[in-house]
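Novice: Using only what follows, build the 3D model:
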Amino acid sequence: MNGMVASAPIWTVPHLRVWDQATIHGDNMPPMANMASMDMAVVHVKSVLSDGPGIVVIHANENGNAGAILGAAFVPDGLSQNIDVMVDTSAIGAVVWPMLHIDAGTVGKYDGLDVDTVVSADGEAVTFTINDAPSLTVMDQKIADDGHNHYSHRHYGCPGWIAIHADNAGAPGAVIATAFVHAGANWDVKIKVDAAKAGMKVWPMLHYDTAALGTYEFGTVKDADAPVFVQKNVVVVPLNITQ
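Specialist: Sure, this is the predicted structure:
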């Protein structure tokens, strides 16, 4: 079809599909945008393929490893889709570990790790990390011939901005470029930057869009378009400009 073979891969071993999402919001999320989701504390699982009854467990991140259990949902044998796992937000961080366990003991009851062990596929545990709060994902890159850099952005709750800061002695300096992003996931965002101002490193930073929609006003209008804070930390990451 259109020069391509009509074929697609399918999973034949147990697996999870979970995207980055906003289980928790920025500390300073605008109140009106936050009202609709204040009482929601779920991790949405796109799909699960379980070999026998299983348990999707959401673990906290503890020093780069899966830690305390924040919530769990039981799944039957086979494919399950669109599962919401209720989680305890009092212990949650900006990163969590979805993990697939075998429901080997009392079906529908988590009997502990010794009984309901972690599922493995091809010798690897079926688990990984996701961002569950506003975040930026960037890769070191060179500036494209058209002057653009590329960013993946996951920002939830209300529209916002990616502000590109120049480097100032290893910290964010002056803003040299901005890009407006909508609420939700924004992928492969292209931002045009001045190569001379960018130098060898820049600092992409997330901001809310809280005043005139579509106009970046941080620093010019009082209390407008503040940086996004997650658990008291600004959402900002360094990016090296390669040659």
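
Novice: ok, the closest residue in space to Q243 that isn't next to it in sequence to I241 distance?
Specialist: The shortest distance from Q243 to any non-neighbouring residue, by CB to CB, 6 or more residues apart in numbering, is to K142 (6.3 Å). Backbone N, C-alpha and C define where each C-beta goes, glycine included. Computed with CB to CB, to the nearest Å, the distance linking K142 and I241 is 7 Å.

Novice: now swap in P172 and tell me
Specialist: Counting by CB to CB - P172 and I241 are separated by 15 Å.

Novice: Please apply the same query to N186.
Specialist: 21 Å.

Novice: ok so, going back, please say which of K142 and I241 ends up with more neighbours.
Specialist: I241 (17 against 11; other CB atoms under 10 Å).

Novice: Who is that one paired with across the strands?
Specialist: Q141 (DSSP bridges).

Novice: Quick check: which helices or strands does the helix or strand L70 falls within pack against?
Specialist: Assigned by DSSP states H and E, L70 belongs to strand 65-75. Judged by 3 or more CB pairs under 8 Å, 6 or more residues apart in numbering; DSSP states H and E, strand 65-75 is in contact with strand 42-50, strand 54-62, strand 78-86, strand 95-102.

Novice: Which positions in it come out as buried?
Specialist: Neighbour-count burial for strand 65-75 flags 66, 69-75 (criterion: 16 or more other CB atoms under 10 Å).

Novice: could you check the distance from the spatially closest residue to V42 that is not a sequence neighbour over to K142?
Specialist: Using CB to CB, 6+ apart and skipping residues adjacent in sequence, the residue nearest V42 is D84, 4.4 Å away. D84 sits 41 Å away from K142, going by CB to CB.

Novice: Just put the helices and strands packed on strand 65-75 in CSV and tack on mean pLDDT.
Specialist: Listed next are the helices and strands packed on strand 65-75 as CSV, based on pLDDT from 0 to 100:
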stretch, mean pLDDT
strand 42-50, 95
strand 54-62, 95
strand 78-86, 96
strand 95-102, 96
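
Novice: M200: what's it in contact with?
Specialist: 167, 240-241 (CB atoms under 8 Å, 6 or more residues apart in numbering).

Novice: quick check, nearest of those to T215?
Specialist: D167 (25.8 Å; CB to CB).

Novice: What's the local residue count around the closest one?
Specialist: Other residues close to D167 by other CB under 10 Å number 19.

Novice: hey, where'd the helices end up in this structure?
Specialist: 31-34, 195-198 (DSSP state H).

Novice: Out of the ones you listed, which gets the lowest mean score?
Specialist: Lowest mean pLDDT of the helices of the chain: helix 31-34, a mean of 54.

Novice: Now for the chain, the helix or strand with the poorest mean pLDDT.
Specialist: helix 31-34 (a mean of 54; mean pLDDT, DSSP states H and E).

Novice: State the distance from I83 to V18.
Specialist: 9 Å.
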